[in-house]
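[1] Return a 3D structure for these sequence lines:
(chains A and B)
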Amino acid sequence: MTRPLSEQELIRRENLQKMIDLGINPYPNETYPISHYSNEIHEGFAEDNEKYSAVCLAGRLMSRRIMGKASFAEIQDTHGRIQIYVNRDEICPGEDKTLYNQVFKKLLDLGDYIGIKGHAFLTQTGTLSIHVTELKVLSKSVKPLPVVKTDAEGNTYDAVSDPEFKYRQRYVDLTVNPEVRQTFVQRSAMINAMREFMTQKGYLEVETPVLQPLYGGAAARPFKTHHNTLDTQFYLRIANELYLKRLIVGGYDGVFEFAKDFRNEGMSRFHNPEFTMMELYVAYKDYEWMMDFTEEMLEFVAMKVHGTTDIQVGDNVISFKRPWKRFSMYGAIEHFTGVDVSEMDEDTMRKAAEDMGVHIDKTMARGKIIDEIFGEKCEHQLIQPTFITDYPVEMSPLAKKHRDKPGLVERFEAICNAKEICNAFSELNDPLDQRQRFEHQLELGKRGDEEAMQLDEDYLRALEYGMPPTAGIGIGIDRLAMIMTNQPSIQDVLLFPQMKPEGE
RNA sequence: GACCGGUUAGCUCAGCUGGUAGAGCAACGCCCUUUUAAGGCGUGGGUCCUGGGUUCGAGCCCCAGACCGGUCACCA
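    Here you go, the predicted model:
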């Protein structure tokens, strides 16, 4: 498993030893007194260059241009890069030129952490730089980092682009590709904006169990695990819905959680086995209210992340400006296919679906056929955020029956960039109806549906005590992050996407 | 799971109809006191993903496998 060291790795280890031989600790312990970050100087120098006559920065050495007795180099800190100017006779004022001739020119390698003190100035070509008077090694790198170069036009050369490299060694990707760091800054800004928005409304952020004796709240296959002391099988949660609604029963008017959920299913550009879902439940509200809330929140999020509601995603500009388009599911099918299926019975609909070229099989009931038609004929055309409302009851065992459309439930999804970004409904709070729906799920399970829900007696007990009318929503944070950061795959918005273990 | 594509130096990539591997950057040596994808001269560096096979000879052809990506299937 240990491979022989490459030539460059050997040289770096030799450099490390030579530093030690010179009495330099390549891994010093003490705090380094940073006074500024690169971006502060870039932003502030033009206004007041006096302010930066004594600065102290630290970061990785990312490039080095040696010209005899003077050199330019770049260091990269957490906020960017800045050029440094190192003059032999200034960092080595006496006879001993070791620090420049040996340490700086020979023993330092790209990727090493150094600290520098000096003053900011403009070079003859007008580049902001730090004129270095003191230089200290803060941490030695013994493995060569890929060298990514950018020219004056902003073209990058030799960027690490192999996805396997990027995902397995995210630390390298982040070090060397600044736009990757930016993506995760934006993801964090997005989540902060949502948290701020909901907290300001007075909703309570809570935490609920990841290890659950019964899994529920979604249709998915779970991961199983085992607790030794209790000698009990647990599941990693596929959703936290049923726990949050127990809290509504308990008397909180609004609760939300950014939850890591786990689903034991296929992986793809849109699916990671563990992913983040934000779920929110608000008492005394219905799904109409929740649609308004969703628009308002995501408009706020877009403004917070980008300063505008118009976001470039692939070839499209997606506008999160309110109000969004709304279609009932039947309405969307009629709009995109010209066929009104709302009054059709199952056999007629099956024929209609086949006529449209939608693939269906005999096991599909009416609700499933509707879903198939929508999925194949409508969803991919919905680029701008669009609400689709009123789903067939069979597919929504936790949603309240529609107040005046038989066979449907009060449910909506928002589709954006041809993908679902959230799922919401007026929550079913009738305990007797809920019991029947669970029992129907058990039937499906017996018929071999691996994703059928389990019957959760404790949840039913909670509903029997009484849950106020409640609106709930789940927002796929990773999917939303893909849109907000303009990334084509979920792996690009997860710092450590799931991968097969590396072979030895 | 099926099909397609990829895997060659630290990184990005070439490599023809099969003749025992090449560039740029990085590295190493020398020169250079305001450069900037710094420059000049010189040098080294490879389990060509793995294992079989065909062949006088395989980075290239054949078979099996690994990993990654894409599409589809499955799926919120």
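
[2] Compute the number of surrounding residues for the closest residue to RNA strand B within chain A.
    The minimum distance from chain A to RNA strand B, using Cβ to the nearest atom of the strand, falls at A:Gly68 (2.1 Å). Heads up, the C-betas are built off the backbone N, CA and C, glycines and all. Using other Cβ atoms under 10 Å, A:Gly68 is surrounded by 7 other residues.

[3] could you list every residue that touches it?
    Residues near A:Gly68 by Cβ atoms under 8 Å, 6 or more residues apart in numbering: none.

[4] Please state the backbone phi and psi of it?
    phi 70, psi -120 (degrees, to the nearest 10).

[5] Tell me the spacing between it and A:Tyr100.
    Separation of A:Gly68 from A:Tyr100 (Cβ to Cβ, to the nearest Å) stands at 11 Å.

[6] again with A:Asp173
    Distance, A:Asp173 to A:Tyr100, by Cβ to Cβ: 33 Å.

[7] Quick check: beta-bridge partners of the residue nearest to A:Tyr27 when sequence neighbours are not counted?
    The shortest distance from A:Tyr27 to any non-neighbouring residue, by Cβ to Cβ, 6 or more residues apart in numbering, is to A:Ser139 (5.8 Å). Beta-bridge pairing of A:Ser139 under DSSP bridges involves A:Tyr113.

[8] wait, what's in contact with A:Glu413?
    For A:Glu413, the contacting residues are A:Phe387, A:Ile388, A:Tyr391, A:Glu420, A:Cys422, A:Asn423, A:Ala424, by Cβ under 8 Å, 6+ apart.

[9] Need the pLDDT of the closest residue to A:Arg326 other than its chain neighbours.
    Excluding its sequence neighbours, the residue lying closest to A:Arg326 (Cβ to Cβ, 6+ apart) is A:Phe387, at 4.4 Å. pLDDT recorded at A:Phe387 is 96.

[10] what do you get for the one 5 residues further on?
    Listed pLDDT for A:Pro392 reads 90.

[11] what number of residues lie near it?
    When neighbours are counted by other Cβ under 10 Å, A:Pro392 registers 19.

[12] If we ignore the residues flanking it in sequence, what's nearest it?
    A:Gly367 (3.1 Å).

[13] which residues touch the one you found?
    So A:Gly367 contacts A:Tyr391, A:Pro392, A:Val393, A:Glu394, A:Met395 (Cβ under 8 Å, 6+ apart).

[14] The first one contacts A:Ala399, correct?
    Yes: A:Tyr391 sits in contact with A:Ala399 when judged by Cβ atoms under 8 Å, with a separation of 7.3 Å.

[15] Check the contact lists of the two and give me the overlap.
    Contacts common to A:Tyr391 and A:Ala399, judged by Cβ under 8 Å, 6+ apart, are A:Val409, A:Arg411.

[16] mind giving me the domain ranges of chain A?
    A:7-139, A:180-324+A:384-493 (automatic domain parsing).

[17] Packed most tightly, which of these would that be?
    Ranked by mean neighbour count under mean count of other Cβ atoms under 10 Å, those are led by domain A:180-324+A:384-493, which reaches a mean of 18.

[18] partners of A:Phe262 in the sheet?
    A:Glu274.

[19] so how far is A:Glu413 from it?
    22 Å.

[20] circling back: would you check which pair of the contacts of A:Gly367 lies furthest apart?
    Farthest apart among those by Cβ to Cβ are A:Tyr391 and A:Glu394. That separation is 9.0 Å.

[21] filter the contacts of A:Glu413 down to the ones near RNA strand B?
    Residues of those in contact with RNA strand B (Cβ under 7 Å from any atom of the strand): A:Glu420, A:Asn423.

[22] Can you pull up the residues of the stretch 251-400 of chain A that come close to RNA strand B?
    A:Arg263, A:Glu265, A:Gly266, A:Ser268, A:Arg269, A:His271, A:His359, A:Gly375.

[23] Which pLDDT value belongs to the fourth one?
    This means A:Ser268. For A:Ser268, the model assigns a pLDDT of 91.

[24] what's the spacing between it and A:Phe258?
    23 Å.

[25] doesn't A:Phe320 make contact with A:Glu299?
    Yes: with contact defined as Cβ under 8 Å, A:Glu299 reaches A:Phe320; the gap is 5.0 Å.

[26] what do those two both touch?
    Taking Cβ under 8 Å, 6+ apart as the criterion, A:Glu299 and A:Phe320 both touch A:Thr309.

[27] remind me which residues of the stretch 51-200 of chain A are low pLDDT?
    Counting by pLDDT under 70, the stretch 51-200 of chain A contains no low-confidence range.

[28] For it, just list every one of the helices.
    With DSSP state H, counting those that start in this stretch as the criterion, the stretch 51-200 of chain A has helices at A:88-91, A:98, A:163-168, A:170-176, A:178-200.

[29] Reformat those as JSON lines; add distance to A:Tyr52.
    Below are the helices of the stretch 51-200 of chain A laid out as JSON lines (distance: least, Cβ to Cβ, whole Å):
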{"stretch": "helix A:88-91", "distance to A:Tyr52": "17"}
{"stretch": "helix A:98", "distance to A:Tyr52": "28"}
{"stretch": "helix A:163-168", "distance to A:Tyr52": "35"}
{"stretch": "helix A:170-176", "distance to A:Tyr52": "25"}
{"stretch": "helix A:178-200", "distance to A:Tyr52": "22"}
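
[30] Dump those helices to a markdown table, plus distance to RNA strand B.
    Shown next, in a markdown table, are the helices of the stretch 51-200 of chain A (distance: least, Cβ to the nearest atom of the strand, whole Å):
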| stretch | distance to RNA strand B |
| --- | --- |
| helix A:88-91 | 5 |
| helix A:98 | 14 |
| helix A:163-168 | 4 |
| helix A:170-176 | 8 |
| helix A:178-200 | 13 |
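
[31] Go through the ones you listed and name the closest to A:Phe496.
    helix A:170-176 (6.0 Å).

[32] Poorly predicted segments of the stretch 401-504 of chain A, please.
    A:503-504.

[33] switch to 80 and redo it
    Where the stretch 401-504 of chain A drops to pLDDT under 80, the residues are A:447-449, A:502-504.

[34] Flag every residue of it that's near RNA strand B.
    Residues of the stretch 401-504 of chain A lying near RNA strand B (Cβ under 7 Å from any atom of the strand): A:Glu413, A:Glu420, A:Asn423, A:Glu451, A:Gly476, A:Pro488, A:Ser489, A:Gln491, A:Pro497, A:Met499, A:Lys500, A:Gly503.

[35] Would you quantify the distance from the second one to A:Ile475?
    The one in question is A:Glu420. 10 Å.

[36] quick one: which helix or strand includes A:Arg435?
    Assigned by DSSP states H and E, A:Arg435 belongs to helix A:431-446.
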